[in-house]
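J.: task: produce atomic coordinates for the following.
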Amino acid sequence: MRDPTGPPTSVLAGVDVVLVGLFSAKDKEFGAKLDLLAALVKAHGGRVVSRHVQRRGVSHGGAAKMTESFSRRTLLSPGKAREIAQGCRAAEVGVALFVNPLTEHQRAVLGDLFGCLVISGEDLLAPGR
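T.: Residues are numbered from 1 along each chain as shown. Below is the predicted model:
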């Protein structure tokens with residue numbers, strides 16, 4: 001987000017943020033990825049208030065499905081989506097920031113469910129943000 005009359009601003013400035021990520025069970029670096037995203041939030045003036053991890057493993061359908069999301073609408077399992085939504089609403093967070101790329105439809109569905117703005121880490125890295 002940019003104010004044309006002043007310096008660049010961020011949607012995270014002064015905002016409480018939850019971090020969310022869908023990771024393969026084989027991904028041993030998920031904690032480090034969340035740490036990097038948390039550092040990015042801090043650099044943009046936000047405050048991380050919680051982290052939510054959805055793991056996708058062999059027990060949920062085999063190795064062939066590990067790269068697929070639980071839901072094309074939310075990326076998450078229904079239970080995890082509800083859990084995060086309850087946390088977002090209870091803490092009155094301003095932004096849910098996903099490690100994973102999101103479609104516009106996913107942003108809209110998750111935003112309605114969570115009651116806050118939903119973005120992806122790649123949005124923060126885009127020029128002009």
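
J.: and what about the closest residue to E122 other than its chain neighbours, helix, strand or coil?
T.: Closest residue to E122 apart from its sequence neighbours, by CB to CB, 6 or more residues apart in numbering: P101 at 5.7 Å. (C-beta placed from N, C-alpha, C; glycine too.) Judged by DSSP: H, G, I helix; E, B strand; the rest coil, the three-state class of P101 is coil.

J.: residues touching the residue nearest the centre of the chain, list them.
T.: Centroid-nearest residue in the chain, with CA atoms, centre = their mean: F98, separated by 1.7 Å. Residues counted as contacts of F98 (CB atoms under 8 Å, 6 or more residues apart in numbering) are 19-22, 75, 118-121.

J.: before we move on, the earlier item: what's the local residue count around the residue nearest to E122?
T.: P101 has 11 neighbours, counted by other CB atoms under 10 Å.

J.: confirm for me that it is in contact with S120.
T.: Yes: in terms of CB atoms under 8 Å, P101 counts as a neighbour of S120; the distance is 5.3 Å.

J.: buried residues, stretch 21-29. List them.
T.: Of the residues in stretch 21-29, 21-23, 27 count as buried by neighbour count, 16 or more other CB atoms under 10 Å.
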